[in-house]
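Chemist: Fold the following and give me the result.
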Amino acid sequence: MQPTFVDAEIASQPETWRRAAARAQGVAPQLPQRGERVAVVGCGTSWFIAMSYAVLREQAGHGVTDAFAGSEYPRGREYDRVMALSRSGTTTEIVELLTALSGTPTTLITAVADSPAAGVADETVALPFADEQSVVQTRFATSTLALLRAHLGEDVETLAEQAEAALEIPIDDLLEAEQCSFVGLGWAVGLTYEAALKTREAAQFWSESYPAMDYRHGPIAIAQPGRLVWTLGAAPTGLADEVAETGARFVAHDLDPLAGLIVAQRFAVGLAKARGLDPDNPRSLTRSVILA
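Modeler: All right, here's what the predicted structure looks like:
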């Protein structure tokens with residue numbers, strides 16, 4: 001199969017993360033301020049990125065941060081700011097929510113500065129360099145999180161260097177797996193949901209995702225030879241041995257979970273190609289969900 005748009009978009013992530021980090025200082029007043037009570041909303045991939053950011057922001061001591069799917073935002077709850085993540089800025093749930101939030105300051109992070117969502121948000125942070133041609137979302141999501149981590153004071157250059165390493169890690173020996181469960185701790189849990197989503201979208205592959213400590217509470221029952229248990233970031237003590245006892249393969253890389261997600265993205269695309277599928281145009285999916 002010929003190289004796809006998503007191949008190039010995955011490979012560009014070290015550079016787009018650097019560009020996002022460089023942009024963070026200039027847009028700092030538009031992003032959540034220390035001490036604000038913040039809700040972060042998104043759909044699909046953007047919701048999972050919102051989950052990870054919410055944990056990171058609270059861990060950094062910046063204030064209460066909740067993450068919601070766009071359709072599930074609690075309209076009766078009060079926040080100092082609502083931040084929406086939307087690659088296209090056209091997703092129905094996000095446009096409708098931003099329109100309805102009169103009186104609550106709103107910020108949109110998007111790849112499309114003149115999108116419908118940008119027209120109704122109070123503030124818009126545009127990352128056009130991270131936009132994508134593939135339906136499967138990769139670099140916009142990770143670049144958004146790189147921007148937000150830079151805003152929290154993290155060193156994104158080190159992350160970008162790990163991303164470069166992630167692009168070189170072999171994946172061919174994983175592509176015969178029949179199933180994969182992604183696990184993680186803390187802020188990485190949101191990224192495990194995203195990793196599993198990528199394999200389902202791109203390759204119609206059976207994948208699941210769990211907080212790593214909770215994986216023992218039932219899901220480990222499906223682990224067996226021919227299946228993978230893949231941790232993004234550190235794993236709980238003893239989990240690798242418990243997985244080995246089932247005959248499943250435990251997959252771990254010495255990478256920040258965001259860089260580790262790149263390996264999972266490449267795995268998803270590799271699975272799609274091995275199955276003769278087009279990862280740029282997954283079955284039943286479009287770039288944005290726009291409801292009539």
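
Chemist: So for the protein, the centremost residue is which one?
Modeler: With distances taken as CA atoms, centre = their mean, residue 49 lies nearest the centre of the chain, 4.1 Å away.

Chemist: Model confidence for it, exactly?
Modeler: Predicted confidence (pLDDT) for residue 49: 98.

Chemist: in which helix or strand would I find it?
Modeler: According to DSSP states H and E, residue 49 maps onto helix 45-59.

Chemist: That helix - contacts with which helices or strands?
Modeler: Helix 45-59 sits against strand 38-42, strand 65-69, strand 81-86, helix 139-151, helix 188-203, with contacts defined as 3 or more CB pairs under 8 Å, 6 or more residues apart in numbering; DSSP states H and E. To be clear about C-beta, it is placed using only N, CA and C from the backbone, and glycine gets the same treatment.

Chemist: That helix to helix 139-151, inter-axis angle?
Modeler: Here helix 45-59 points in a direction 10 degrees away from that of helix 139-151 (axes from the mean of the first three to the mean of the last three CA atoms, to 10 degrees).

Chemist: got the angle for helix 45-59 vs helix 188-203?
Modeler: 170 degrees.

Chemist: Flag every buried residue along helix 45-59.
Modeler: 45-57 (16 or more other CB atoms under 10 Å).

Chemist: what's the closest non-adjacent residue to residue 262?
Modeler: residue 166 (3.9 Å; CB to CB, 6 or more residues apart in numbering).

Chemist: Please disregard the earlier target; I meant residue 57.
Modeler: Counting by CB to CB, 6+ apart, residue 65 is the residue found nearest to residue 57 once chain neighbours are left out, at 4.3 Å.

Chemist: closest to residue 19 out of the helices and strands packed on helix 45-59?
Modeler: Of all those, the one in closest proximity to residue 19, counting by CB to CB, is helix 139-151 (7.4 Å).

Chemist: thinking again about what came up before, pipe the buried residues of helix 45-59 into JSON lines and attach distance to residue 8 per row.
Modeler: JSON lines is the format used below for the buried residues of helix 45-59 (distance: CB to CB, whole Å):
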{"residue": "45", "distance to residue 8": "18"}
{"residue": "46", "distance to residue 8": "21"}
{"residue": "47", "distance to residue 8": "25"}
{"residue": "48", "distance to residue 8": "22"}
{"residue": "49", "distance to residue 8": "21"}
{"residue": "50", "distance to residue 8": "26"}
{"residue": "51", "distance to residue 8": "27"}
{"residue": "52", "distance to residue 8": "24"}
{"residue": "53", "distance to residue 8": "26"}
{"residue": "54", "distance to residue 8": "30"}
{"residue": "55", "distance to residue 8": "30"}
{"residue": "56", "distance to residue 8": "28"}
{"residue": "57", "distance to residue 8": "31"}
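
Chemist: before we move on, back to that, hang on, isn't the residue nearest to the centre of the chain packed against residue 144?
Modeler: Yes: contact criterion CB atoms under 8 Å: residue 49 and residue 144 qualify, at 5.8 Å.

Chemist: Switch the helices and strands packed on helix 45-59 over to a markdown table; also include mean neighbour count.
Modeler: Formatted as a markdown table, these follow (neighbours: other CB atoms under 10 Å):
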| stretch | mean neighbour count |
| --- | --- |
| strand 38-42 | 27 |
| strand 65-69 | 20 |
| strand 81-86 | 27 |
| helix 139-151 | 27 |
| helix 188-203 | 25 |
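
Chemist: can you list the weak-confidence ranges in the stretch 151-292 of the chain?
Modeler: For the stretch 151-292 of the chain, the stretches flagged by pLDDT under 70 are 287, 289, 291-292.

Chemist: Do a quick rundown of the helices in it.
Modeler: 156-166, 188-203, 239-246, 257-274 (DSSP state H, counting those that start in this stretch).

Chemist: Please point out which parts of the shortest one sit buried.
Modeler: The reference is to helix 239-246. Those would be 239, 242-243, 246, for helix 239-246 by 16+ other CB under 10 Å.

Chemist: what's the spacing between residue 237 and residue 167?
Modeler: As for residue 237, its distance to residue 167 is 30 Å (criterion: CB to CB, to the nearest Å).

Chemist: So which of those two has more stuff around it?
Modeler: Using other CB atoms under 10 Å, the more surrounded residue of residue 237 and residue 167 is residue 167, with 16 against 7.

Chemist: Name the nearest residue to that one, sequence neighbours excluded.
Modeler: Residue 167's closest residue in space is residue 11 (CB to CB, 6+ apart), at 6.0 Å.

Chemist: again with residue 126
Modeler: residue 113 (3.8 Å).

Chemist: and if you look at residue 186?
Modeler: Among residues not flanking residue 186 along the chain, residue 55 sits closest, at 5.7 Å (CB to CB, 6+ apart).
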